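Student: Have a look at this prediction, sequence included:
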Amino acid sequence: MEKLELDKKHFFIIALVLILIFFVNLFLYYQNFKELKSSKYYQTTLKVISQYPKRTKKGKEYQILRLKMKNGICFFGLAWQKNMPNLQNKFIKCKISTKKLTFYRYLKGGFLPIYHIGILPDENNNIKKKIQYFISSQHKNKITKELFAALFFAKKIDKDIRKQVSLLGISHLVAISGFHLGVLSFLIFLILTPVYKIFQDKFFPYRSRMLDLMILSLALLFLYLYFLNFIPSLLRAYVMMVVGYFFYIRYINIFSFQTILLTVLILLAFFPELIFNIAFWFSISGVFYIFLFLHYYQYLKSWQIFIMINFWVYLLMQPIVHFVFPVFALSQLLSPFLSMLFTVFYPLELILHLLKIGDILDTPILMLLEFKAHIINLRTPFWFLSVYIVTSLLSIYKKIFLYLLFMQATIFFIVLLFLFYSNTFG
């Protein structure tokens with residue numbers, strides 16, 4: 001494949017267009033912000049993404065609601081209402097206190113008090129309800145019901161289950177993202193290729209099979225995206241996939257750092273709020289380290305790449321992940337193995353649920369999720385993270401920096417293990 005190489009003129013034009021789009025979208029967001037600020041208590045309709053009950057030190061109960069506006073902006077609502085029912089995935093009408101709201105907090109998605117909450121009629125269509133019931137009815141345990149609701153429908157899982165998933169280092173597997181879209185895309189190709197080949201050989205041998213299947217795959221995945229109400233994490237992954245397919249049909253090397261840069265610029269141009277989205281930067285970091293591995297070791301056999309890349313990404317992501325999430329447990333060492341297993345587990349579970357035997361693996365899943373682990377906390381120092389990111393970027397150009405990067409990640413991981421051993425057995 002021809003490598004993507006842009007001269008200064010072309011890069012300037014593309015960057016200018018994307019910057020223009022970015023500021024246009026920023027202006028539209030600012031107009032929405034001004035509308036919110038027009039009243040101290042702004043009344044609007046919001047969707048409840050998740051809900052967590054909390055208590056103050058004095059025992060007073062309150063609720064934290066993750067809310068989404070019509071333009072996709074999300075924020076946390078603080079409600080002091082007692083005996084609040086489960087509002088997750090429901091639409092509510094409420095008043096938002098905008099006294100302390102700034103444009104920065106608006107984009108970042110901060111905490112805002114909400115009042116006078118009213119539940120609106122359920123807008124979910126019957127087909128979606130039936131499909132969700134078809135999946136959940138195959139499981140008797142609450143944990144597996146929530147787990148597969150998250151895997152197939154991007155539903156939020158209970159706090160305790162989420163904590164256990166985090167201790168196993170598989171949060172990225174449970175939250176629907178680009179990884180899941182990749183698996184689904186592979187399944188679509190696997191199922192449709194032989195069918196398409198029959199019709200192609202008979203009626204249109206002149207057409208490109210790969211191109212047509214790409215378009216069909218993107219169309220089916222778009223329907224899935226629509227079915228899940230365009231959740232932000234999946235929408236980002238879908239945009240990245242569209243960009244990747246476009247580069248592929250233009251004979252541009254997909255596994256290029258310029259490809260990542262252009263994809264990031266496109267996503268930020270159309271979704272400015274992603275600047276403050278941790279999940280987005282985690283996703284970009286993961287893709288970056290995958291590309292970095294392939295940049296130097298693409299000569300390896302496919303099975304070697306498949307195995308090594310899972311351990312590589314796990315190790316190199318540790319300093320970045322621990323800057324935000326300091327929790328470490330020895331059980332997280334299972335993460336690379338479970339990530340490899342997931343490439344078989346996910347499509348297998350899809351098939352099992354279609355056959356109405358989706359609970360066949362529930363026992364080992366529950367055993368894994370009920371595993372108890374000792375934990376420690378270590379937050380990556382900002383100075384170390386800064387050096388680490390600079391070394392990561394320099395690794396693109398010189399292999400000596402790649403070795404230095406690997407050494408930094410290894411030292412960080414050894415410190416994690418040493419602190420864990422000291423706190424557990426010391």
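Tutor: The structure has been received and is ready for your questions. Numbers count the residues shown, from 1 in each chain.
Student: what about the strands in the stretch 1-150 of the chain?
Tutor: For the stretch 1-150 of the chain, the strands defined by DSSP state E, counting those that start in this stretch occupy 41-55, 61-68, 74-79, 91-97, 111-119.
Student: To residue 11, which of those lies closest?
Tutor: strand 74-79 (32.6 Å; Cβ to Cβ). C-betas here are computed from N, CA, C, even on glycine.
Student: any low-confidence regions in the stretch 1-150 of the chain?
Tutor: Counting by pLDDT under 70, the stretch 1-150 of the chain shows low-confidence ranges at 1-8, 82, 122-125.
Student: Kindly recompute the last result at 80.
Tutor: The stretch 1-150 of the chain contains residues with pLDDT under 80 at 1-11, 39-40, 49-50, 52-53, 55-61, 70-72, 80-89, 110, 120-129.
Student: Check which helices and strands the helix ranked longest in the chain is in contact with.
Tutor: For the chain, the helix with the greatest residue count under DSSP state H is helix 8-37. Applying 3 or more Cβ pairs under 8 Å, 6 or more residues apart in numbering; DSSP states H and E, we find helix 8-37 packed against strand 41-55, helix 103-108, helix 257-270.
Student: Single out the most deeply packed of those.
Tutor: Across the helices and strands packed on helix 8-37, the average number of neighbours (mean count of other Cβ atoms under 10 Å) peaks for helix 257-270, which reaches a mean of 18.
Student: can you pull out the helices in the stretch 151-300 of the chain?
Tutor: 159-167, 171-174, 178-203, 209-227, 232-249, 257-270, 278-297 (DSSP state H, counting those that start in this stretch).
Student: can you list the domains in the protein?
Tutor: Following automatic domain parsing, one gets these domains for the chain: 8-119, 171-425.
Student: circling back: between the helices of the stretch 151-300 of the chain, which gets the lowest average pLDDT?
Tutor: Lowest mean pLDDT within those: helix 232-249, a mean of 78.
Student: Extract the C-alpha set from that helix and format it as PDB.
Tutor: In PDB, the C-alpha atoms belonging to helix 232-249 read as follows (Å, rounded to 0.1, in the frame of the first residue of the first chain):
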ATOM      1  CA  PRO A 232     -20.900   8.300  22.100                       C
ATOM      2  CA  SER A 233     -18.300   5.600  22.500                       C
ATOM      3  CA  LEU A 234     -19.700   3.500  19.600                       C
ATOM      4  CA  LEU A 235     -20.200   6.600  17.400                       C
ATOM      5  CA  ARG A 236     -16.500   7.500  17.800                       C
ATOM      6  CA  ALA A 237     -15.500   3.900  16.900                       C
ATOM      7  CA  TYR A 238     -17.800   3.900  13.900                       C
ATOM      8  CA  VAL A 239     -16.300   7.200  12.600                       C
ATOM      9  CA  MET A 240     -12.800   5.800  13.000                       C
ATOM     10  CA  MET A 241     -13.900   2.700  11.000                       C
ATOM     11  CA  VAL A 242     -15.400   4.800   8.200                       C
ATOM     12  CA  VAL A 243     -12.100   6.800   8.000                       C
ATOM     13  CA  GLY A 244     -10.100   3.500   8.000                       C
ATOM     14  CA  TYR A 245     -12.300   2.000   5.200                       C
ATOM     15  CA  PHE A 246     -11.900   5.200   3.200                       C
ATOM     16  CA  PHE A 247      -8.100   5.100   3.500                       C
ATOM     17  CA  TYR A 248      -8.100   1.500   2.500                       C
ATOM     18  CA  ILE A 249     -10.100   1.900  -0.700                       C
END
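Student: tell me the angle it makes with strand 61-68.
Tutor: Regarding helix 232-249 and strand 61-68, their directions subtend 20 degrees when assessed with axes from the mean of the first three to the mean of the last three Cα atoms, to 10 degrees.
Student: Show residues contacting helix 232-249.
Tutor: 4, 72, 74, 154, 175-178, 180-182, 185, 211, 214, 218, 221-222, 225, 228, 253-254, 259, 262-263, 266-267, 270-271, 274, 277, 279-280, 283, 287 (Cβ atoms under 8 Å, 6 or more residues apart in numbering).
Student: Type out the PyMOL command that picks the buried ones from those residues.
Tutor: Per 16 or more other Cβ atoms under 10 Å, the buried members of the contacts of helix 232-249 correspond to this PyMOL selection:
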select buried, resi 4+74+154+175+176+177+178+180+181+185+214+218+221+225+228+254+259+262+263+266+267+270+271+274+277+280+283+287
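Student: mind listing what's buried in stretch 316-334?
Tutor: 316-323, 327-332, 334.
Student: ok, which pair from those is furthest apart?
Tutor: Once Cβ to Cβ is applied, the buried residues of stretch 316-334 give 323 and 334 as the farthest pair, at 22.1 Å.
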